[in-house]
Structures are given as C-alpha cells and as structure tokens.
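Chemist: Turn this into a model:
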Amino acid sequence: MSSKTVSIIIAAAGKWDYLKTLLESLRQQTYHFTEVMVMDNSLNQDFSLAVAKAYPEVKLYSGTKNLFYCQAINKGIEVAKGNFILCLNDDVILDKKFIEEALRGFRINARIGMVSGKILRFDRMTIDSTGLFLSPFRTAKERGYGIKDRGQFDKEGYIFGVNGAVSFYHKEMLEQIKLDGEYFDSDFRFFYEDLDLAWRAHNLGWKGYYIPQALAYHARGATARQERGINKKFARRYLTNELHFDLVKNRYLTMIKNEDVLEFLVFLPFSIMYDVLVLTYILLFRWKLLTLIFLKGIPVQSAFKKRLALKRTKVRNAVCRTA
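Modeler: Numbering: from 1, shown residues only. Alright, predicted model coming up:
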C-alpha cells in the first residue's frame with residue numbers, strides 16, 4: 001500500500017443536490033484517491049438507490065437509524081484502507097487540486113496529523129474557515145469566519161485543528177488518540193467534535209497545519225440548520241432544540257475531557273462570561289431548551305472517564321518515546 005493512500009468519508013444527510021455536487025468535484029480531483037465512502041444518514045431508500053445508481057464507484061453505507069456525524073464517520077474510519085482520511089460534510093465542494101495540495105501539509109513535520117485548506121463559502125469570496133482554534137471562551141474559533149477573502153490568510157502555517165466539514169487526518173494519529181474504540185466521541189453527535197478531536201490530538205503531541213492553496217467551498221449550516229439559516233451568523237437561532245442541546249452540552253464535554261487544570265483557572269472568567277450570555281439567550285428566546293437539558297442531562301461521568309483514559313495514553317506514549 002502506498003504511503004499516500006487517501007480514503008474519503010462523507011456524512012450524508014439526504015440532500016441530493018449537495019451530495020451530487022460534492023461527488024462530481026471528487027471525480028475531478030488531480031490526485032487519485034483510494035476510495036469514497038458515503039455514510040447515508042437519510043433513512044431514505046430512494047436516496048440510497050439514487051446514489052448507488054449515479055455513482056457506482058462509491059461505497060455506500062446505510063442503516064435503520066441516523067448515526068449523526070460522529071458515529072457515521074467513525075464507522076467509515078474503522079474500515080478505511082487509506083493512510084490519510086478526508087472527512088467531509090455533504091454540503092462542501094472541493095477544488096480539483098484540493099487533495100494534491102493538502103497532502104503537502106503532512107510532509108512538513110512527522111507530527112502533523114491534521115491539515116486544513118482554505119474553506120470559502122459558495123460565493124467564493126467569503127471565508128468559512130482557515131483553521132480551527134481554541135478561543136478564550138473555550139469555544140471553537142474558525143479563523144477568518146464570515147469575512148471577505150483578501151489574501152490575508154494566504155500564508156501556510158501551524159493551526160490548532162481543522163473544521164469538521166472538511167477535515168483531513170493522518171490515520172496513524174486517529175488510531176493513537178481514539179478513546180474506547182472511538183475516533184470522534186459518539187456522545188457529541190453534532191458540534192464540537194472537531195475541536196474535541198483536535199484538542200485531544202494536541203494533548204498527545206500532534207499538530208495541525210494550514211495549506212491555503214487547498215481550496216474548498218462550504219454552504220455553512222446546510223446540513224444542520226433550517227434553510228433560512230444557511231451561511232448566517234449566530235447559528236443557534238436556526239437550530240432545533242435537539243441540536244441546540246448538543247451545542248451546549250458538547251462544549252462542556254470538550255472542556256472536561258481536555259482542559260488543563262491551570263488553564264481552566266486562567267480562562268475561567270471568560271468561560272463564565274460566555275455561560276452567562278448563553279443562559280440569558282436561552283431564558284429569553286429558547287426557554288423550552290431548559291426542559292431538554294434537565295431531562296437528558298450532560299454525561300459528565302463518561303467525560304471524566306475519557307479524560308482519565310487520555311491521561312493514561314499520554315503517560316504511556318511518553319514512556320514509549322523515552323524507552
């Protein structure tokens with residue numbers, strides 16, 4: 001097997017026009033990848049049949065329940081043959097040289113396990129992400145989010161992580177950082193799964209890198225939001241209560257699993273400020289969400305167990321490096 005084999009895994013929500021456009025962009029890639037897997041969460045047999053008929057080269061996986069993003073992508077990674085794993089939402093399009101350019105990032109340093117390209121909106125002018133970063137509020141910060149692309153992020157360099165809509169990973173890193181047999185945490189379903197994975201990777205000595213020549217285009221929110229909320233700011237306004245609950249819950253899970261105690265204390269004022277603003281919004285505009293939070297709860301105990309498992313992995317890796 002070549003050291004540069006690439007497996008592509010797509011989480012599909014049943015939106016044919018988006019998926020068709022993405023798959024056509026994959027057919028135009030200048031780099032010959034190993035396989036494409038579509039993890040069909042639509043629960044729509046007609047959709048599955050349409051994909052199989054139009055794109056026979058695709059490995060299609062569909063089931064009887066919606067696995068959401070995390071479980072669906074995990075299922076794909078488990079069976080992927082490639083040494084590099086490109087995870088995609090169905091609401092993206094790749095430039096024909098995306099894979100060829102992005103692979104350069106992994107050659108910069110042996111500890112680079114995540115690579116991001118420049119992700120623009122469908123208008124080709126507005127930035128969606130030029131790398132994922134951890135904000136003082138302990139939220140996911142997309143560099144350049146929502147501003148016009150004027151070449152201000154045309155210099156490649158190190159980043160904290162990669163946006164989950166177009167995330168390129170080294171399989172070796174994914175195998176090393178998985179917890180309880182999972183790459184993405186299935187407790188998350190949607191939101192923060194990319195920050196959680198990036199933070200976990202950093203804690204185990206892996207790095208992220210940004211290649212601006214690797215271009216992709218993303219219809220922000222087309223998978224999860226109401227249609228009127230696509231590409232709009234302040235995403236929580238356009239989420240169902242179920243997804244809004246995931247958004248709130250997953251920030252806490254990410255912090256519990258990955259945050260250093262000292263850094264937690266340093267950034268605590270920012271976290272409290274953010275919590276107050278979110279709670280105020282919920283009380284004023286989404287008070288029904290409180291019922292869902294109380295009924296479902298946050299799996300804190302599970303998060304702490306995973307934190308301990310990560311600590312053990314970190315110690316074990318340190319011992320192996322010094323042996």
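
Chemist: Now do the buried residues in stretch 201-221.
Modeler: In terms of neighbour count (16 or more other CB atoms under 10 Å), stretch 201-221 has its buried residues at 201-204, 206-212, 214-221. C-beta: built from backbone N, CA, C; applies to glycine.

Chemist: same check, this time on stretch 55-73
Modeler: For stretch 55-73, the neighbour count (16+ other CB under 10 Å) marks 55, 58-62, 67-73 as buried.

Chemist: That one: how far from the chain's middle?
Modeler: With CA atoms, centre = their mean, to the nearest Å as the basis, stretch 55-73 stands 16 Å off its chain's centre.

Chemist: Can you show me the CA trace of that stretch as PDB?
Modeler: Taking Å, rounded to 0.1, in the frame of the first residue of the first chain, the C-alpha atoms of stretch 55-73 are listed here in PDB:
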ATOM      1  CA  TYR A  55     -22.100   6.800  -8.500                       C
ATOM      2  CA  PRO A  56     -21.200   3.100  -8.700                       C
ATOM      3  CA  GLU A  57     -17.700   3.800  -7.600                       C
ATOM      4  CA  VAL A  58     -18.900   4.900  -4.200                       C
ATOM      5  CA  LYS A  59     -19.100   2.500  -1.200                       C
ATOM      6  CA  LEU A  60     -22.500   3.200   0.300                       C
ATOM      7  CA  TYR A  61     -23.300   2.500   3.900                       C
ATOM      8  CA  SER A  62     -26.900   3.000   5.100                       C
ATOM      9  CA  GLY A  63     -28.800   1.700   8.100                       C
ATOM     10  CA  THR A  64     -32.100   1.900  10.000                       C
ATOM     11  CA  LYS A  65     -31.200   4.800  12.300                       C
ATOM     12  CA  ASN A  66     -29.500   8.200  12.000                       C
ATOM     13  CA  LEU A  67     -25.900   7.800  13.300                       C
ATOM     14  CA  PHE A  68     -25.400  11.500  13.000                       C
ATOM     15  CA  TYR A  69     -21.900  12.800  12.200                       C
ATOM     16  CA  CYS A  70     -19.700  11.200  14.800                       C
ATOM     17  CA  GLN A  71     -20.900   7.600  14.700                       C
ATOM     18  CA  ALA A  72     -21.200   7.700  10.900                       C
ATOM     19  CA  ILE A  73     -17.600   8.900  10.400                       C
END
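
Chemist: what comes into contact with that stretch?
Modeler: 9, 11, 23, 35-43, 48, 51-52, 75-76, 87, 89, 164, 182-186, 188-190, 193 (CB atoms under 8 Å, 6 or more residues apart in numbering).

Chemist: Inside helices: which ones of these?
Modeler: Among the contacts of stretch 55-73, the members falling in helices (DSSP state H) are 23, 48, 51-52, 75-76, 193.

Chemist: and the buried residues of stretch 201-221, which of them are in helices?
Modeler: Per DSSP H, these map to helices at 201-203.

Chemist: continuing past the helix or strand hosting S167, what's the next helix or strand?
Modeler: Following DSSP states H and E, the helix or strand that holds S167 is strand 166-170. Counting by DSSP H and E, the next helix or strand C-terminal to strand 166-170 is helix 171-177.

Chemist: Which secondary structure elements does the top strand by length along the chain sit against?
Modeler: Assignment by DSSP state E gives strand 207-218 as the longest strand of the chain. Counting contacts by 3 or more CB pairs under 8 Å, 6 or more residues apart in numbering; DSSP states H and E, strand 207-218 packs against strand 92-94, helix 98-106, strand 112-120, strand 127-129, strand 157-159, helix 193-203.
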